[in-house]
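Student: After the sequence you'll find the predicted model.
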Amino acid sequence: MTLDLNMLADLGIMILFGIFMGRMMKHLKLPNVTGYLIAGLLLGPYFFPALGVPFSVLSESFVNNIAVVSEVALGFIAFSIGNEFKFSYFRKVGATPIIIACLESLFAVVFVVAGLVVTGHSLPFSLVLGSIAAATAPAATIMVINQYKAKGPVTSTLLSVVAIDDATALMLFSICVAIAQTMEGGATNIAWAILKPILQIIGALAIGFVLGVIMLVPMRYFHKHGNRLGLICGFIFLGIGIADKTGLSSLMLCMGFGATVANLSNEADAIMDIADSITAPIFILFFVSSGAGLQVSVLKKVGLIGVIYIVLRVVGKYFGAWLGGRVGHAAEAVNKYLGPCLLPQAGVAIGLTLVAGNVVPKYAAEIRAVVLAGTLIYELIGPGITKMSLSKAGEIKAA
């Protein structure tokens, strides 16, 4: 049975209950985002039915039909991440964030694939599932950083790494899928499979650059908060729409948009402050809806494969981040505390399961169950671990 309300009432309940649960988490010294996710879990269509109680506040169709909220929230998050891509920062730190992002993505895949192969699973299946381990969701991490106003070398490196991670994850996935298709006897062009995601990333960044340049023109003539907020929202919405229409990554496009504004405008910080003024209810809805979509019942379906994926992905991310920091001569705090901040995994990984199901269709249900179970665990524990890691690094000051 589902509480029969209309869409606006459901959205109102999501925001209010999300705020309440976020406040409750403060008593447990956990980030607000953990409370938002738990609020969604309790309101959503999967938690109570999994316990044998046939009741939910939000219906499954409602949760599926508000995907636009997630798209808008991720657009603003990507715009915010892009704002950290200042040329002045990369001139100072060099290629260290790029090295870390490449190695933490690579070793997450290597560890998971190796673990699956050693336990007797086929190489094509191991490659496809393992390649999804590279993806990291930036949303929860950004929320923790913003809530606690974290600052320092770990935080700045983390922001760069989670942005680059989206690109490295897509490329690693494409390479692994191409190899798996070849082994399974499917006709595929490995060179094109590797080149395609690179071209898509370049295309998304190029469109983001163009939108950023265009937006800065009217910004010179509109100085009121409301007008500027309208321009920012309009261009972010336009960017997301173009990405969806062309099959490009809206995350990469909006990151390119944010990076363009950060590097070409002297008012970048003021523009970001204006964008942040509208995001609070959007982010609450995003995380509550994310929690509502977490399917608790998949936990009992994952078995040994799920344990291998969930555990070895963590080990691979941590080792890769540590090694990347050492190779890139990062600060010791970065080497030690960055890895645990890379646990969250959500939208991109779930999207990749759809592609994976087409490559190894006989394993489609198993792959999706494992990734969904991982998402559930990573999203619930990831924000708390990120907060703890940044606190130990000395970049979150005690209240």
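Tutor: Nice, I can see it.

Student: Now do the helices in the stretch 151-300 of the chain.
Tutor: Using DSSP state H, counting those that start in this stretch, the helices of the stretch 151-300 of the chain run over 153-183, 190-219, 225-246, 250-264, 268-292.

Student: Quick one: the ones you listed as JSON lines, columns for mean pLDDT and mean neighbour count too.
Tutor: (Glycine included, C-beta is placed from N, CA and C.) JSON lines is the format used below for the helices of the stretch 151-300 of the chain (pLDDT from 0 to 100; neighbours: other Cβ atoms under 10 Å):
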{"stretch": "helix 153-183", "mean pLDDT": "81", "mean neighbour count": "23"}
{"stretch": "helix 190-219", "mean pLDDT": "85", "mean neighbour count": "17"}
{"stretch": "helix 225-246", "mean pLDDT": "91", "mean neighbour count": "17"}
{"stretch": "helix 250-264", "mean pLDDT": "87", "mean neighbour count": "25"}
{"stretch": "helix 268-292", "mean pLDDT": "85", "mean neighbour count": "20"}
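
Student: Pipe these into a markdown table and attach distance to Gln345 per row.
Tutor: Formatted as a markdown table, those follow (distance: least, Cβ to Cβ, whole Å):
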| stretch | distance to Gln345 |
| --- | --- |
| helix 153-183 | 10 |
| helix 190-219 | 18 |
| helix 225-246 | 21 |
| helix 250-264 | 14 |
| helix 268-292 | 11 |
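
Student: Out of the ones you listed, the one nearest Ala140 is which?
Tutor: helix 268-292 (7.5 Å; Cβ to Cβ).

Student: Angles on the backbone of the residue most central in space within the chain, please.
Tutor: Nearest to the geometric centre of the chain sits Ala137, at 1.7 Å (Cα atoms, centre = their mean). Per-residue torsions, Ala137: phi -90, psi 120 (degrees, to the nearest 10).

Student: My read is that it contacts Leu343, right?
Tutor: No - Ala137 lies out of contact with Leu343 (Cβ atoms under 8 Å); the separation is 9.1 Å.

Student: what's the overlap in contacts for those two?
Tutor: Tyr378 (Cβ atoms under 8 Å, 6 or more residues apart in numbering).

Student: hmm, back to that, roughly how far does the residue nearest to the centre of the chain sit from Leu323?
Tutor: Relative to Leu323, Ala137 is positioned 22 Å away (Cβ to Cβ, to the nearest Å).

Student: quick one: low-confidence ranges for the stretch 251-399 of the chain?
Tutor: For the stretch 251-399 of the chain, the stretches with pLDDT under 70 are 301, 346-348, 350-351, 354-355, 358-359, 398-399.

Student: Kindly report the same for the stretch 1-150 of the chain.
Tutor: Residues of the stretch 1-150 of the chain that meet the criterion pLDDT under 70 lie in 1-4, 89, 93.

Student: can I assume Val117 is in contact with Ser126?
Tutor: Yes - the pair Val117 / Ser126 is scored as a contact, 5.0 Å apart, by Cβ under 8 Å.

Student: if we can go back for a sec, distance of the residue nearest to the centre of the chain relative to Ile377?
Tutor: Ala137 sits 13 Å away from Ile377, going by Cβ to Cβ.

Student: and what of Leu11?
Tutor: Using Cβ to Cβ, Leu11 is found at 27 Å from Ile377.

Student: which residues touch stretch 233-247?
Tutor: 71-72, 75-76, 79, 200, 203-204, 207-208, 211-212, 214-215, 248-250, 253-254, 257, 278.

Student: Same question for stretch 25-45.
Tutor: 2, 13-14, 17-18, 20-24, 47-48, 56-60, 63, 140, 143-144, 147-148, 283-284, 287-294, 296, 379-380, 383-384, 386-387.

Student: Just the buried positions in that stretch, please.
Tutor: Using 16 or more other Cβ atoms under 10 Å as the test for burial, stretch 25-45 gives 25, 30-45.

Student: rewinding a little: so for Val117 and Ser126, which sits in the more crowded spot?
Tutor: Higher neighbour count among Val117 and Ser126: Ser126, with 25 against 15, using other Cβ atoms under 10 Å.

Student: so what's that one closest to, chain neighbours aside?
Tutor: Distances taken as Cβ to Cβ, 6 or more residues apart in numbering place Leu116 nearest to Ser126, at 3.8 Å, with adjacent residues excluded.

Student: Tell me which helix or strand that neighbour sits in.
Tutor: Here Leu116 sits within helix 96-118, counting by DSSP states H and E.

Student: Contacts only, for Thr386.
Tutor: Thr386 makes contact with Pro31, Ala140, Thr141, Val144, Pro340, Cys341, Leu343, Pro344, according to Cβ under 8 Å, 6+ apart.

Student: Was I right to think the fourth one contacts Ser389?
Tutor: Put plainly, it is Val144. No - the pair Val144 / Ser389 is not scored as a contact, 9.6 Å apart, by Cβ under 8 Å.

Student: These two - which one has more neighbours?
Tutor: Shown here are Val144 and Ser389; by other Cβ under 10 Å, Val144 has more neighbours (29 against 24).

Student: what are the phi and psi values for that one?
Tutor: phi -60, psi -50.

Student: Show me which residues of stretch 300-320 are buried.
Tutor: Buried residues in stretch 300-320 (16+ other Cβ under 10 Å): 301-302, 305-306, 308-310, 312-314, 316-320.

Student: Output stretch 150-159 as CSV, restricted to C-alpha atoms.
Tutor: Only the C-alpha atoms of stretch 150-159 are listed here, as CSV (Å, rounded to 0.1, in the frame of the first residue of the first chain):
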residue,chain,number,x,y,z
ALA,A,150,36.5,21.6,4.5
LYS,A,151,39.7,23.2,3.2
GLY,A,152,43.2,21.9,2.6
PRO,A,153,45.3,19.8,0.3
VAL,A,154,43.2,16.7,0.6
THR,A,155,40.0,18.6,-0.1
SER,A,156,41.3,20.4,-3.1
THR,A,157,42.9,17.3,-4.6
LEU,A,158,39.7,15.3,-3.9
LEU,A,159,37.6,17.8,-5.8
